[in-house]
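Colleague: With the sequence up front, the predicted model follows.
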Amino acid sequence: MSSDSPPEPSAPAQPRNPLHGVTLQALLESLVDYYGWEGLAQRIPVRCFSSDPSIKSSLTFLRKTPWAREKVEGLYLATLRAHAKRLKP
């Protein structure tokens, strides 16, 4: 029962998904670089961004809290769109 064709990938490629291949850590670091912790806490009012913030503690919280992760991903996507609009001639 051998086959000459390679096995199908388990997940289809996501060429139009801007989050595909971006780790949560890279996403969070990008937002912190762009907005700073204060700006991030203003946009997404969660304690891990306002009270003694760190990448490690924020990642732990975001991995355990789906609604907060969705908000962070949404802010990242909105920031990408806004940045892309500014770059268009």
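Modeller: Sure, I can see it.
Colleague: residue boundaries of the helices in this protein?
Modeller: Taking DSSP state H as the criterion, the chain contains helices spanning 24-43, 47-50, 55-64, 66-87.
Colleague: Now do the first one against helix 55-64, angle only.
Modeller: Here the directions of helix 24-43 and helix 55-64 differ by 90 degrees (axes from the mean of the first three to the mean of the last three C-alpha atoms, to 10 degrees).
Colleague: Check the last one too.
Modeller: Using the same axes, to 10 degrees, the interaxial angle of helix 66-87 with respect to helix 55-64 works out to 110 degrees.
Colleague: list the helices and strands helix 66-87 packs on?
Modeller: In terms of contacts (3 or more C-beta pairs under 8 Å, 6 or more residues apart in numbering; DSSP states H and E), helix 66-87 is packed against helix 24-43, helix 55-64. Quick note: C-beta positions are derived from backbone N, CA and C, even for glycine.
Colleague: What helices and strands are in contact with the last one?
Modeller: Contacts defined by 3+ C-beta pairs under 8 Å, 6+ apart place helix 55-64 against helix 24-43, helix 47-50, helix 66-87.
Colleague: Select, out of the ones you listed, the one closest to Thr60.
Modeller: Closest approach to Thr60 among these is made by helix 47-50 (8.0 Å; C-beta to C-beta).
Colleague: neighbouring contacts of the closest one?
Modeller: Contact with helix 47-50 is made by 37-38, 40-41, 57-58, 61-62, as judged by C-beta atoms under 8 Å, 6 or more residues apart in numbering.
Colleague: For PyMOL, write the select line for the buried members of those.
Modeller: Per 16 or more other C-beta atoms under 10 Å, the buried members of the contacts of helix 47-50 correspond to this PyMOL selection:
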select buried, resi 37+40+41+58+61+62
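Colleague: That concludes my questions; thank you for your assistance.
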